[in-house]
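**Q** Predicted model and sequence follow; I will ask about them next.
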Amino acid sequence: MTGTTPSAATPSRSAGRHAADAAPPWPAPFAARPVDATVTVPGSKSLTNRYLVLAALADGPSRLRAPLHSRDSALMIAALRQLGATVTEVPGDGAFGPDLEIIPISLDAAAADTAIDCGLAGTVMRFVPPVAALRRGESHFDGDPHARKRPMGTIIEALAGLGVAVSAPDGGPASSLPFTVKGTGEVRGGHLVIDASASSQFVSALLLAGARFTEGLHLEHQSRADAGKPVPSLDHINMTVAVLRGVGVTVDDSVPNHWVVSPGPIRAFDQRIEQDLSNAGPFLAAALATGGTVRIPNWPAGTTQVGDLWRGILTAMGATVTLDAGTLTVTGGREIKGGDFDETSELAPTVAALCALATGPSRLSGIAHLRGHETDRLAALVAEISRLGGDAEETTDGLIIRPAKLHGGVVHSYADHRMATAGAILGLAVPGVEVEDIATTAKTMPDFPRLWEAMLAQGPTADEDGAGGTQH
Ligand SMILES: O=C(O)C1=C[C@@H](OP(=O)(O)O)[C@@H](O)[C@H](O)C1
Ligand SMILES: C=C(OP(=O)(O)O)C(=O)O
């Protein structure tokens with residue numbers, strides 16, 4: 001099956017820029033020698049934005065330590081401020097910016113109508129509408145051009161099912177951004193059936209607010225498709241459940257496809273945010289792409305982040321992976337092995353970039369819903385791998401990538417941070433790769449180009465001539 005040209009191909013608003021201001025493509029550094037570096041990455045987007053939502057609904061002031069500071073977290077902070085939360089930056093010990101103190105929204109207070117910019121952040125467009133439904137007043141939601149194409153119908157229908165009015169700007173029914181949530185200060189809650197097959201974020205969104213619904217929430221997933229599609233990215237729902245339990249919310253997830261949240265307070269908290277293990281991925285991938293070593297300190301011993309899957313994925317691709325005294329060390333071999341990778345969720349673009357450098361064929365499956373991400377990622381990956389001379393094709397639920405000799409070219413980002421970092425990985429092993437709109441990495445990692453170049457500047461072999469990447 002051949003992919004269509006992905007949308008959002010125009011330069012993005014991701015870094016607050018417009019087409020006319022578009023910067024020239026970023027020359028992705030080619031690794032003239034194996035990388036040997038120790039890297040720390042900023043805080044987890046998924047954890048930061050979950051805890052921000054919970055802090056806004058909590059029973060007192062909360063603190064986030066070492067949170068992510070990026071476009072997606074800034075959009076979440078701005079949205080919660082619009083809804084009445086107070087979010088203040090305070091000095092902390094994180095390497096990537098201040099801590100945050102949050103005073104929750106007074107849900108009982110009369111509130112003015114407000115506008116929420118979701119940017120391209122799935123966590124903002126899905127997690128914030130149920131919060132807006134809990135306060136009085138109208139909240140107008142919109143986002144980047146491509147945000148209007150991301151699946152939103154399930155959240156809109158869910159709110160309607162809970163008795164909350166949601167309408168399009170013309171007052172008619174809405175099925176995507178933009179839309180207006182008319183909050184009354186109360187959401188009844190109870191049993192709700194949704195089709196969450198397009199995104200796990202529909203489930204997470206309703207669970208995060210569910211304890212504040214009058215009757216709590218019994219959420220059930222039932223796919224409308226004949227074949228019964230599952231909820232994707234279950235790891236992210238498990239993260240939501242764990243985070244909720246950590247702030248005193250009772251959640252029963254013992255029956256598959258059912259989540260029962262008891263009504264009650266959300267306990268105020270003081271929480272340190274783990275570094276983003278998904279965003280650690282491109283740096284770890286650099287070890288394989290160059291046949292070198294990358295170490296990541298403070299790798300959590302236990303975590304709900306999907307990025308912990310890197311340990312198994314990179315081992316399967318031929319790397320040596322050890323976790324010793326909290327440091328994850330990944331050393332690439334002489335070649336990258338292809339393989340079958342199921343349900344890699346948001347890790348898929350990084351996995352695909354490595355597969356394009358592999359010596360054997362690969363199949364990525366269980367990622368059909370990536371078509372509704374920042375861009376249609378399956379089409380985008382096929383287009384960009386092919387643009388560099390690679391051999392990639394779409395399947396119904398993923399990708400097939402076969403070995404091919406790659407050449408330089410301009411990798412398009414489609415306003416997608418993970419497409420941009422995939423281009424950077426390819427550039428390590430293929431001379432002459434440039435990445436259009438590298439600034440789009442600001443969605444979750446504003447420092448990406450600096451961190452990438454700093455990684456390559458490190459190491460005992462940095463001043464010596466040596467072999468290039470694993471391929472070519
Ligand atoms: O809840 C979250 O923080 C996320 C859930 C996943 O969404 P999908 O279920 O739409 O894949 C993931 O891809 C996204 O990057 C973050
Ligand atoms: C799918 C992603 O983001 P979002 O939270 O916008 O859905 C992602 O970061 O890979």
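**A** Perfect, thanks for sending it. Ligands and ions are numbered 1, 2, ... in the order given.

**Q** Would you tell me which residues of this protein are close to ligand 1?
**A** For the chain, the residues in contact with ligand 1 (C-beta under 6 Å from any ligand atom) are 46, 122-123, 199-201, 204, 232-233, 236, 345-346, 369. Bear in mind the C-beta positions are built from the backbone N, C-alpha and C, glycine included.

**Q** Neighbour count, secondary structure and pLDDT for those - can I get that in a markdown table?
**A** Output for the residues of the chain next to ligand 1, formatted as a markdown table (neighbours: other C-beta atoms under 10 Å; DSSP: H, G, I helix; E, B strand; the rest coil; pLDDT from 0 to 100):
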| residue | neighbour count | secondary structure | pLDDT |
| --- | --- | --- | --- |
| 46 | 31 | helix | 98 |
| 122 | 28 | helix | 98 |
| 123 | 25 | helix | 98 |
| 199 | 24 | coil | 97 |
| 200 | 25 | coil | 98 |
| 201 | 27 | helix | 98 |
| 204 | 29 | helix | 98 |
| 232 | 23 | coil | 93 |
| 233 | 24 | coil | 93 |
| 236 | 22 | helix | 98 |
| 345 | 21 | helix | 96 |
| 346 | 25 | helix | 98 |
| 369 | 22 | helix | 97 |
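
**Q** And these, which is closest to ligand 2?
**A** Closest approach to ligand 2 among the residues of the chain next to ligand 1 (C-beta to the nearest ligand atom): residue 122, at 2.4 Å.

**Q** In contact with the closest one, which residues?
**A** For residue 122, the contact set (C-beta atoms under 8 Å, 6 or more residues apart in numbering) comprises 150, 199, 201, 373.

**Q** just these now: which is nearest residue 214?
**A** The closest of those to residue 214 turns out to be residue 201 (C-beta to C-beta; 23.5 Å).

**Q** Residue 30 is in contact with residue 431, isn't it?
**A** Yes - if you go by C-beta atoms under 8 Å, residue 30 and residue 431 touch, sitting 4.8 Å apart.

**Q** Those two: which has the busier surroundings?
**A** Under the neighbour definition other C-beta atoms under 10 Å, residue 30 and residue 431 were set side by side, and residue 30 has more, 18 against 15.

**Q** would you list every one of the helices in the chain?
**A** 45-56, 71-82, 122-134, 153-161, 201-210, 234-246, 277-290, 310-316, 348-356, 377-387, 417-429, 448-457 (DSSP state H).

**Q** May I have the longest one as PDB, with CA atoms only?
**A** What follows is helix 277-290 as a C-alpha-only set of coordinates in PDB (Å, rounded to 0.1, in the frame of the first residue of the first chain):
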ATOM      1  CA  LEU A 277      12.400   8.600  28.000                       C
ATOM      2  CA  SER A 278      10.800   8.800  24.600                       C
ATOM      3  CA  ASN A 279      12.900  11.900  23.900                       C
ATOM      4  CA  ALA A 280      16.000  10.000  25.200                       C
ATOM      5  CA  GLY A 281      15.300   7.700  22.200                       C
ATOM      6  CA  PRO A 282      17.000   9.700  19.400                       C
ATOM      7  CA  PHE A 283      20.100  10.100  21.600                       C
ATOM      8  CA  LEU A 284      20.200   6.400  22.300                       C
ATOM      9  CA  ALA A 285      19.600   5.700  18.600                       C
ATOM     10  CA  ALA A 286      22.800   7.700  18.000                       C
ATOM     11  CA  ALA A 287      24.800   4.900  19.600                       C
ATOM     12  CA  LEU A 288      23.400   2.500  17.000                       C
ATOM     13  CA  ALA A 289      23.700   4.900  14.100                       C
ATOM     14  CA  THR A 290      27.400   5.500  14.700                       C
END
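
**Q** Off-centre distance for that helix?
**A** Chain-centre distance of helix 277-290: 16 Å, with C-alpha atoms, centre = their mean, to the nearest Å.

**Q** again, but for the first one
**A** Relative to the centre of its chain, helix 45-56 is centred 13 Å away, using C-alpha atoms, centre = their mean.

**Q** quick one, what contacts residue 139?
**A** 82-83, 113-116, 128-129, 132, 180-181, 183.

**Q** what's the closest non-adjacent residue to it?
**A** residue 132 (3.8 Å; C-beta to C-beta, 6 or more residues apart in numbering).

**Q** I'd like to know how far residue 245 sits from ligand 2.
**A** 22 Å (C-beta to the nearest ligand atom, to the nearest Å).

**Q** One more: residue 370?
**A** In terms of C-beta to the nearest ligand atom, residue 370 sits 8 Å off from ligand 2.

**Q** same check, this time on residue 244
**A** Relative to ligand 2, and taking C-beta to the nearest ligand atom, residue 244 is found at 18 Å.

**Q** Verify the contact between that residue and residue 206 for me.
**A** No - using C-beta under 8 Å, residue 244 is not in contact with residue 206; the gap is 11.5 Å.

**Q** What's the local residue count around residue 447?
**A** Residue 447: 17 neighbours (other C-beta under 10 Å).

**Q** wait, what's in contact with it?
**A** 42, 96.

**Q** Could you identify the most distant pair in the contacts of residue 122?
**A** Maximum pairwise distance among these (C-beta to C-beta): 10.6 Å, between 201 and 373.

**Q** What sits closest to residue 260 if chain neighbours are left out?
**A** Nearest to residue 260 is residue 252, by C-beta to C-beta, 6+ apart, at 4.2 Å.

**Q** for the one you found, what are its contacts?
**A** For residue 252, counting by C-beta under 8 Å, 6+ apart, the contacting residues are 258-260.

**Q** when you check ligand 2, which of these turn up near it?
**A** Answer for the contacts of residue 252 near ligand 2: none qualify (C-beta under 6 Å from any ligand atom).

**Q** With respect to ligand 2, which of those is nearest?
**A** residue 259 (19.4 Å).

**Q** Tell me the bridge partners for that closest one.
**A** Beta-bridge pairing of residue 259 under DSSP bridges involves residue 219.

**Q** looking at it, it is touching residue 219, isn't it?
**A** Yes - shown here, residue 259 and residue 219 form a contact pair, counting by C-beta under 8 Å, at 4.7 Å.

**Q** anything in contact with each of the two?
**A** Common neighbours of residue 259 and residue 219, using C-beta under 8 Å, 6+ apart, are 203, 207.

**Q** Ligand 1: which of the contacts of residue 139 is nearest?
**A** Nearest to ligand 1 among the contacts of residue 139, counting by C-beta to the nearest ligand atom, is residue 128 at 12.8 Å.

**Q** contacting residues for that closest one?
**A** By C-beta under 8 Å, 6+ apart, the contact set of residue 128 is 53, 76, 79-80, 83, 116, 118, 139, 141.

**Q** do the same with residue 363
**A** 339-341, 395, 398-401.

**Q** okay, the residue nearest to residue 139: pLDDT?
**A** Residue 132 carries a pLDDT value of 97.

**Q** how many neighbours does it have?
**A** Count around residue 132 with other C-beta under 10 Å applied: 27.

**Q** Please name the nearest non-neighbouring residue to the residue in the stretch 301-450 of the chain that ligand 1 sits nearest to.
**A** Evaluated by C-beta to the nearest ligand atom, the stretch 301-450 of the chain has residue 346 as its residue closest to ligand 1, separated by 3.8 Å. Excluding the flanking residues, the one nearest residue 346 by C-beta to C-beta, 6+ apart is residue 278, at 5.3 Å.

**Q** Perfect, that will be all.
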